[in-house]
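*Asks:* Next comes the sequence, and after it the predicted model I'd like to discuss.
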Amino acid sequence: MPWARPIIAGNWKMNGLRADGLALADALVNGASQGSGAGTLAIFPPATLLAAIAQRLAGSQVLLGGQDCAPQAKGAFTGDLSAPMLQDAGCRLVIVGHSERRQGHGETDALVQAKAKAAHAAGLAVVLCIGETEAEWQAGQTLAVLDRQLEGSLPEGASAEWLIVAYEPVWAIGTGRTPTAADIERTHAHLRKRLGQLVPDGASLGLLYGGSVKAANAGEILAIPEVDGVLVGGACLQADEFLAIRQAGSRAAR
Ligand code: PEP
């Protein structure tokens, strides 16, 4: 199994100036070395802080990732960051297809797939996000939407060695609302089956839930069958809260 479970991933989004970001990274390194939490801990700070945080994480258990990458390796793409640049800055992983990119920047499945391919070519592991909107959820289209996004954005030759899939209902991100545990279980069971059909080692592929995860609900979510970890936004910006989510994951794994 390529990634130790549970996988606890923190997406900082567009948050963190140098002093705060370094302090948060230091607190996580410190907490991770003291806590009893097992599994994989990864953080995805803003690009401006990656190189500096990579130095602080050196020798620790905390992995570093980028929040997005370009589908091209280099060239005339003002403002974009390539996967080799992220790798060069010390990243091991990158998120692609986050709903804030799909919706806010009009990213299509084909573009997300190209980004995932570029990331893998640069030696990065990929956290591929998929998720339905509130309207799709209410219309009972969740599984069909997820199937479409998976089929459209899974890179060719995908493997559990370097691909992690995060199911993030758009309506649960940053809202404080989550699907019920039964809904998450049903959706993850479906995704696991689909991944088993689409990816040779899909049965062991890391499958995360994301959307309003916090310390108070992490234990319940991480105990759901086929939930291998969580992708956390808002609650990862406080070291205590993020480390408490990791602790909850360790308890759920017992
Ligand atoms: C996210 O943006 O991936 C996310 C899950 O955010 P939040 O935890 O704030 O809902």
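*Replies:* Alright, I've got the coordinates.

*Asks:* So which bits of this protein are right by the ligand?
*Replies:* Proximity of the chain to the ligand, by CB under 6 Å from any ligand atom, involves residues 11, 168, 173-174, 210-213, 231-235. In this view, the C-beta of every residue, glycine as well, is placed from N, C-alpha and C.

*Asks:* how about those residues, which pair is most distant?
*Replies:* Across these, no pair lies farther apart than E168 and A235, at 13.8 Å, counting by CB to CB.

*Asks:* Okay, now the unreliable bits of this structure?
*Replies:* Within the chain, the segments meeting pLDDT under 70 span 1, 36-37, 254.

*Asks:* what about the helices in the stretch 101-250 of the chain?
*Replies:* Along the stretch 101-250 of the chain, counting by DSSP state H, counting those that start in this stretch, helices occupy 109-121, 134-138, 142-153, 181-198, 215-222, 239-253.

*Asks:* list the buried ones in the fourth one?
*Replies:* By that I understand helix 181-198. If you call a residue buried by 16 or more other CB atoms under 10 Å, then helix 181-198 has these buried ones: 184-188, 190-192, 194-195.

*Asks:* For this protein, give the residue positioned nearest to the ligand.
*Replies:* G233 (2.1 Å; CB to the nearest ligand atom).

*Asks:* my guess is E156 meets K117, correct?
*Replies:* Yes. Counting by CB atoms under 8 Å, E156 touches K117, with 7.1 Å between them.

*Asks:* So for those two, which sits in the more crowded spot?
*Replies:* K117 (18 against 8; other CB atoms under 10 Å).

*Asks:* show me the contacts for the more buried one.
*Replies:* Residues near K117 by CB atoms under 8 Å, 6 or more residues apart in numbering: 71, 155-156.

*Asks:* again with G176
*Replies:* Neighbour list for G176: S212 [criterion: CB under 8 Å, 6+ apart].

*Asks:* where's the residue of the chain most remote from its centre relative to A70, distance?
*Replies:* Taking CA atoms, centre = their mean as the measure, the residue most remote from the mean C-alpha position of the chain is A76, 28.1 Å away. As for A76, its distance to A70 is 11 Å (criterion: CB to CB, to the nearest Å).

*Asks:* what about A135, how many neighbours?
*Replies:* Neighbours around A135, by other CB under 10 Å: 10.

*Asks:* Kindly reformat the residues of the chain next to the ligand as CSV containing distance to A52 and neighbour count.
*Replies:* Below are the residues of the chain next to the ligand laid out as CSV (distance: CB to CB, whole Å; neighbours: other CB atoms under 10 Å):
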residue, distance to A52, neighbour count
N11, 18, 26
E168, 28, 25
I173, 27, 21
G174, 26, 13
G210, 26, 26
G211, 29, 26
S212, 29, 21
V213, 27, 27
L231, 23, 26
V232, 22, 28
G233, 22, 22
G234, 23, 19
A235, 23, 19
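
*Asks:* Tell me if I am right that V94 is in a helix.
*Replies:* No. With DSSP: H, G, I helix; E, B strand; the rest coil as the criterion, V94 is assigned strand and is not in a helix.

*Asks:* How many neighbouring residues does it have?
*Replies:* Neighbour count for V94, taken as other CB under 10 Å: 26.

*Asks:* wait, it sits on G123?
*Replies:* No. Counting by CB under 8 Å, G123 is not a contact partner of V94; they are 10.6 Å apart.

*Asks:* Would you mind pulling up the elements that whichever strand or helix holds A9 packs against?
*Replies:* Counting by DSSP states H and E, the element that carries A9 is strand 7-11. Where contact means 3 or more CB pairs under 8 Å, 6 or more residues apart in numbering; DSSP states H and E, strand 7-11 is packed against strand 40-44, strand 206-210, strand 229-232, helix 239-253.

*Asks:* what's the spacing between that strand and its chain's center?
*Replies:* Remark: strand 7-11 is offset 6 Å from the chain centroid, using CA atoms, centre = their mean, to the nearest Å.
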